[in-house]
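J.: Sharing a sequence plus its predicted fold:
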Amino acid sequence: MRLRSAMMSVGTTVHSTPWAARAALGRLPRNAHRALITTAIAEINRTISGIMAAPSLFLASNGFTGSIPHVPPLISVRTIIPLRRTGYNGKTRSDQKEATMRTNDLVAPVLSRRSMMELAALLGTAAVAPVALTGCDNTDGALALTATDLTEPAREAASFSISGEDPYTILSDEQALSASYTLTANLLRTCSQADCAKDERANTFISPLSIRYALALAQNGAAGTTLDELSAVTGLGTDELNSYLGTYAHYLETGDLWGTELDGEGDNEGGTTASLHLANSIWIRETDSLEVGDDYLATCANELDASVFSAPFDATTIDDINAWVDKHTNHMIEQLISEIPDAARLYLINALTFEDAWEEPYEDSDVEDDVFTCEDGTEQTVRMMRSHEGAYVENEQLQGFVRPYADYRYVFVGLLPRGGVSLADAVAALDGPALEALLQPVVNAEVNAGLPKFKFEYGTELTDALRALGMNTAFDPELADFTPMGTDEDGPLYIGQVLHKTFIDVNEEGTRAAAATSIGLEAGASAPLDEPVVYDVILNRPFAYLIIDHQLGTPVFAGTMLAMPDA
């Protein structure tokens, strides 16, 4: 069943009405007893209304080079790669395995035992090699959940008036774009510094986009100083954040930015497929002690397209949550939670999946053995993938290349510190404006690039990083204010822990990645006139890298590589 999109609902007014009635089995939150649409929640085995795999989003219209028509550059990275219509070289995916929940326990919650309720954020991200790159099937028809799906009642709990602002205006908002880069730079800087403090050869890999969606679900339920600090971290007020993220998710699904939706007929055999998919969900414990805000649920369901479920929070709920995550990460994250604490009241979950082939896959002759030298002088043998790229970027500390994925919608940016500059110092100098400026392409310059094949898994606890960015009150059980989200007779809600886990595999064919984020609540440049200057950027020593939505300017993943894993 395809989600009824409400992502274009901006500048809206929420009118509070009861959103659900008592389910046939189990107990819903106290305010759900006010009967509304009782038939909507009678089916405890109905499948999730998730985000379907959408047609691929081709950046270029026929024959275009340079910037997209009618679209001034949103950020510098837009003009790095000439945009053109092209074929797709991905292979057809086969052998889709069924959802499994009991292998590879990724992020079992570690929660404090205080008497008050905790809001524990558990985040996980994974990426694997693109053996098949036809996009993931985000429909939920194969899932049979025991949880009660309350998505439609939640949607109908409020009426919305659409502002009429077009998607391009929303997605080209300079403040929203700057906020994306600021959050990316801040998280990459703080996480890499914390990792290096523990191990000087530690690698870092995060998904700022997945983290931002998870924080948005929390921000919608915050008030007072808690809300102010969350807004400062995400970079936008709640209305602006909902408008931007909601429109972005809608565009990923429909490809509708200038009023024309893709019809699924593209250059690639079998039709187009989208490379990036998003899904959000809210899981509520069936208990009389909890009262969840009607407006909160309606806003998340309508503006952030979140599915809403009521569940007993027992072993069946663990299976349901893991099955939902497994499905919406295209089976790349099979298990997000292994237990649910007795005090848990809600889970807020974001799932993100990225799959794309290179625009020009590496040939066998492009790959050769090479040496990667760590900062401590240790040498490691790697398989280096070499190419000639048309986009070169640099600043005082870094120089890099941009390698496009199929159809130029997404790009991989590899950044190498200049001689005499450590990667730690180069990353420490990055903030949002510096990162945007770094991605301005150098006119009349090309690059001989070298990208090592690599695959590794990463995990971290983000509480300290978020505190370092000014988000303190949300973690304080005495000061946190999440009353718009809900109240519980056993005590107030606050954030207890934020976990983030990633896995990435980059090879000759492309990149495939996924992210799952869970928050658990407890009680155009002109053509050059001269021959281009050709630089050499071979990532044979510590480097930084990003995966970016090339058209809209949204960083999806970011990382640092200090040592080759499994060398």
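T.: Ah, there it is.

J.: helices or strands next to the host helix or strand of Tyr168 in the packing?
T.: Assigned by DSSP states H and E, Tyr168 belongs to helix 167-171. Counting contacts by 3 or more Cβ pairs under 8 Å, 6 or more residues apart in numbering; DSSP states H and E, helix 167-171 packs against helix 238-254. For the C-beta atoms, the positions are set from N, CA and C on the backbone; glycine is no exception.

J.: pLDDT (mean, whole number) over the next helix or strand after the helix it packs on?
T.: Using DSSP H and E, the helix or strand that follows helix 238-254 in sequence is strand 276-285. The average pLDDT for strand 276-285 rounds to 89.

J.: Taking helix 238-254 as reference, get the angle to strand 276-285.
T.: Using axes from the mean of the first three to the mean of the last three Cα atoms, to 10 degrees, the direction of strand 276-285 lies 120 degrees away from that of helix 238-254.

J.: Renumber starting at 25 from here on
T.: In the new numbering, first residue 25, that becomes strand 300-309.

J.: Strand 300-309 pairs with which strands, and in what direction?
T.: Under the criterion DSSP bridges, strand 300-309 sits next to strand 330-335 (parallel), strand 370-381 (antiparallel) in its sheet.

J.: Tell me which of the ones you listed sits most buried.
T.: strand 370-381 (a mean of 28; mean count of other Cβ atoms under 10 Å).

J.: about what we covered before: for the strands paired with strand 300-309, which one sits closest to Gly474?
T.: The closest of the strands paired with strand 300-309 to Gly474 is strand 370-381. By Cβ to Cβ, the value is 19.4 Å.

J.: Comparing the strands paired with strand 300-309, which yields the minimum mean pLDDT?
T.: Of all the strands paired with strand 300-309, strand 370-381 carries the lowest average pLDDT, namely a mean of 84.

J.: buried ones in whichever helix or strand comes after that one?
T.: Following strand 370-381 in sequence order, the next helix or strand is strand 391-397 (DSSP H and E). Neighbour counts over strand 391-397 (16 or more other Cβ atoms under 10 Å) mark 391, 394, 396 as buried.

J.: List the buried residues of the helix holding Tyr192.
T.: For helix 191-195, using 16+ other Cβ under 10 Å, the buried residues are 191-192, 194-195.

J.: for these, which one is nearest Gln243?
T.: Ile194 (17.5 Å).

J.: Which residue is the nearest non-sequential neighbour of that closest one?
T.: Closest residue to Ile194 apart from its sequence neighbours, by Cβ to Cβ, 6 or more residues apart in numbering: Thr271 at 4.5 Å.

J.: again, but for Gln421
T.: Ala450 (4.0 Å).

J.: Select the longest helix from the chain.
T.: For the chain, the longest helix by residue count, based on DSSP state H, is helix 198-222.

J.: Quick check: what element follows the least confident helix or strand in the chain by mean pLDDT along the chain?
T.: Using mean pLDDT, DSSP states H and E, strand 143-152 stands out as the lowest-scoring helix or strand of the chain, at a mean of 35. Once strand 143-152 ends, the next helix or strand along the chain (criterion: DSSP H and E) is strand 172-173.
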